[in-house]
Every structure is written in structure tokens, then in C-alpha cells.
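Asker: got a predicted structure plus its sequence, pasted below:
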Amino acid sequence: CFRALCCKGPPPPRPEYDLVCIGLTGSGKTSLLSQLCSESPENIVSTTGRMLPLFHVLIIVLKGADNIRKYWSRYYQGSQGVIFVLDSASSEDDLETARNELHSALQHPQLCTLPFLILANHQDKPAARSVQEV
């Protein structure tokens, strides 16, 4: 309002950011981001790949099934950050797979210089590993 009243014109547009959210199936990507968007938990369904507008951030949530992960890199271009979600209560094999996928993403040419947020989800489960263990 101040800028408009002082004949300075409208305020500059807020920047928009594009993030990609990746993780194995069942890690909680959709649930986590749906909670951030204040969506009802009853309406949460498994990710089929979706875009969530959150404030001035567009988050592309990618499905984590084994046969889909090879296509993740198609969505990396233009991303300005990565959210990697892992299930801290998953089996040793799944945790190893998640570790390999995370290392692959960290080394990808389009992501290697971007900020990463790594979320160890499902900390409320009895089998959840501590931060040190993850």
C-alpha cells in the first residue's frame, strides 16, 4: 500500500521457488506435504506425482516406486531445491535403497549444487531410528 500511495507503483512480485520432493514409496512425502498445505488427512492418497502450491513455492512430489525412480531426473531441471523424505522406521534394505537414491540425487549434475532438506519421517513409530542411526 505504501508504494502505491507514494506513486512508486505496485510492490515487486514475490519470487517463486520450485522444489522437487523425492523418497521411496511409503516414506510419507504426500502426508507430510499435505499437512503443510492444511489438507485433511482423510483425503490423502498415495502419490501419483502432484504439484503442491505452498506459499510461493511449487513442490513437485514424485512417486517413489522402484519402476518410477528412474524417471525422477526428468523433473530436476529448473528445481531450486530438493526435499528428500525417508522412512526412519523402514527395514534395513529399504534404508539402504533410500541411501543409494539420496547419493544418486546428490551427485546428479542438476541437483549437486542445490540445497537439500533431508527429512527422517515416521519418528513417532516404535521402530524409528534416531538421527544418528539414520
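Answerer: Now that the structure is in, tell me what you want to look at. Numbers count the residues shown, from 1 in each chain.
Asker: spatially nearest residue to G26, not counting backbone neighbours?
Answerer: Nearest residue to G26 in three dimensions, chain neighbours excluded: D87, at 5.9 Å (CB to CB, 6 or more residues apart in numbering). Placement of C-beta: from N, CA and C, glycine included.
Asker: now the one you found: phi and psi?
Answerer: Phi and psi for D87, reported as degrees, to the nearest 10, are phi -90, psi 110.
Asker: what's the answer for the one 4 residues further on, then?
Answerer: With angles defined as degrees, to the nearest 10, S91 shows backbone torsions of phi -70, psi 170.
Asker: which residues touch it?
Answerer: Residues near S91 by CB atoms under 8 Å, 6 or more residues apart in numbering: none.
Asker: from T97, how far out is it?
Answerer: 9 Å (CB to CB, to the nearest Å).
Asker: for the protein, which spans come out with low pLDDT?
Answerer: By pLDDT under 70, the weakly predicted segments of the chain are 1-15, 38-56.
Asker: repeat that for 50
Answerer: 1 (pLDDT under 50).
Asker: tell me where it has helices.
Answerer: Using DSSP state H, the helices of the chain run over residues 2-5, 29-36, 66-69, 92-107.
Asker: other SSEs contacting the last one?
Answerer: Going back to what we said before, that points to helix 92-107. Contacting helix 92-107 under the criterion 3 or more CB pairs under 8 Å, 6 or more residues apart in numbering; DSSP states H and E are the following elements: strand 81-87, strand 116-121.
Asker: cutoff 10 Å now
Answerer: strand 17-22, helix 66-69, strand 81-87, strand 116-121 (3 or more CB pairs under 10 Å, 6 or more residues apart in numbering; DSSP states H and E).
Asker: out of the ones you listed, nearest to R129?
Answerer: strand 116-121 (7.4 Å; CB to CB).
Asker: partners of that closest one, with directions?
Answerer: strand 81-87 (parallel) (DSSP bridges).
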